[in-house]
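J.: just the structure for this:
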Amino acid sequence: MSRFVGAVREDEGAMSLVSEAASRPKSARRRVQTTARLFNLRRPLRIPSALAWVLVGAALVNVERVLLRTIRRADSGTAFAEHLKVSILKRTLRSERQMATAPKTRATTASVAAFLKKATEGDRLADCTSLVKMMEKATGAKAVMWGSAIVGFDTHPIAYADGRTADWPVVAFSPRSTSLVLYLARRYPRYEALVKKLGKHKQSGGCLHIKSLADVDVKVLAEMVSESVKATRTKS
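T.: Numbers count the residues shown, from 1 in each chain. Below you'll find the model as predicted:
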């Protein structure tokens, strides 16, 4: 432990902050002392050996939030506090970018049949069963649950703005409370002609919404599913 304490150099701003923290409750002092070890500062602290164990043994949950609260209570004008603030913001922004670009819906091993029986009943269950058969025929792939409420068929890669790729169903549907939402490709030559013959529907958010298969021409819908599969696979 003495080697660890002797290896760090003195930083006046940091020492000032530590001195101020000494008069605070034990929990507050502990949070201040752990910052040097956790963020690997370019200007390490020289601290009393009695407190060095805190640097080595600290394991904090959501440490960025805890440290931000500590900095707000401390003197924000010190070089130590400013350094911590910049370090935390950089880490937070990097984490948020990774979360924003990460695929949120992925294939699972959950049972499609069990999901449909739980989420639907009567005519809606019969419609979903028909959609499963229609999409399995078009893709030649079995239905798979994606996330908690999407039934997908086969996969193809999609590209993100940062160059990463992830898998997504070639075609899919989801039984929502007000409609059946179909995830189909729209960029193929016959799309506009087919959708005009489909029947009662709504297009929103790049998806096709239908209340019931009884409201549409099922043969036209099957053709749209088939064309969507071909267009997506050709693009991939």
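J.: these two touch, right, residue 135 and residue 153?
T.: Yes: if you go by Cβ atoms under 8 Å, residue 135 and residue 153 touch, sitting 4.6 Å apart. (Glycine included, C-beta is placed from N, CA and C.)
J.: intersection of neighbour lists for those two?
T.: The contact sets of residue 135 and residue 153 overlap at 143, 171, 172 (Cβ atoms under 8 Å, 6 or more residues apart in numbering).
J.: residue 197: which of those residues is nearest?
T.: Relative to residue 197, the closest of the shared contacts of residue 135 and residue 153 is residue 171; by Cβ to Cβ it sits at 19.1 Å.
J.: hang on, the closest one in a helix?
T.: No: going by DSSP: H, G, I helix; E, B strand; the rest coil, the assignment for residue 171 is strand, not a helix.
J.: gap between it and residue 131?
T.: Distance, residue 171 to residue 131, by Cβ to Cβ, to the nearest Å: 10 Å.
J.: what touches both of those two?
T.: Residues touching both residue 171 and residue 131 by Cβ under 8 Å, 6+ apart: residue 182.
J.: which parts of this protein are strands?
T.: Taking DSSP state E, the strands of the chain run over residues 143-146, 150-159, 165-175, 180-183, 202-204, 207-210.
J.: any chance of JSON lines for those strands, columns mean pLDDT?
T.: Listed next are the strands of the chain as JSON lines, based on pLDDT from 0 to 100:
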{"stretch": "strand 143-146", "mean pLDDT": "97"}
{"stretch": "strand 150-159", "mean pLDDT": "93"}
{"stretch": "strand 165-175", "mean pLDDT": "94"}
{"stretch": "strand 180-183", "mean pLDDT": "97"}
{"stretch": "strand 202-204", "mean pLDDT": "92"}
{"stretch": "strand 207-210", "mean pLDDT": "96"}
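J.: low-scoring stretches of the protein, by residue?
T.: 1-103, 236 (pLDDT under 70).
J.: need the helices for the protein, in chain order.
T.: Here the chain has its helices, by DSSP state H, at 2-7, 12-22, 26-39, 49-57, 63-73, 79-101, 112-119, 122-139, 191-198, 218-235.
J.: what is the burial count for the closest residue to residue 146 other than its chain neighbours?
T.: Leaving aside its chain neighbours, residue 146 sits nearest to residue 152 (4.3 Å; criterion: Cβ to Cβ, 6 or more residues apart in numbering). Burial measure for residue 152: 25 neighbouring residues, criterion other Cβ atoms under 10 Å.
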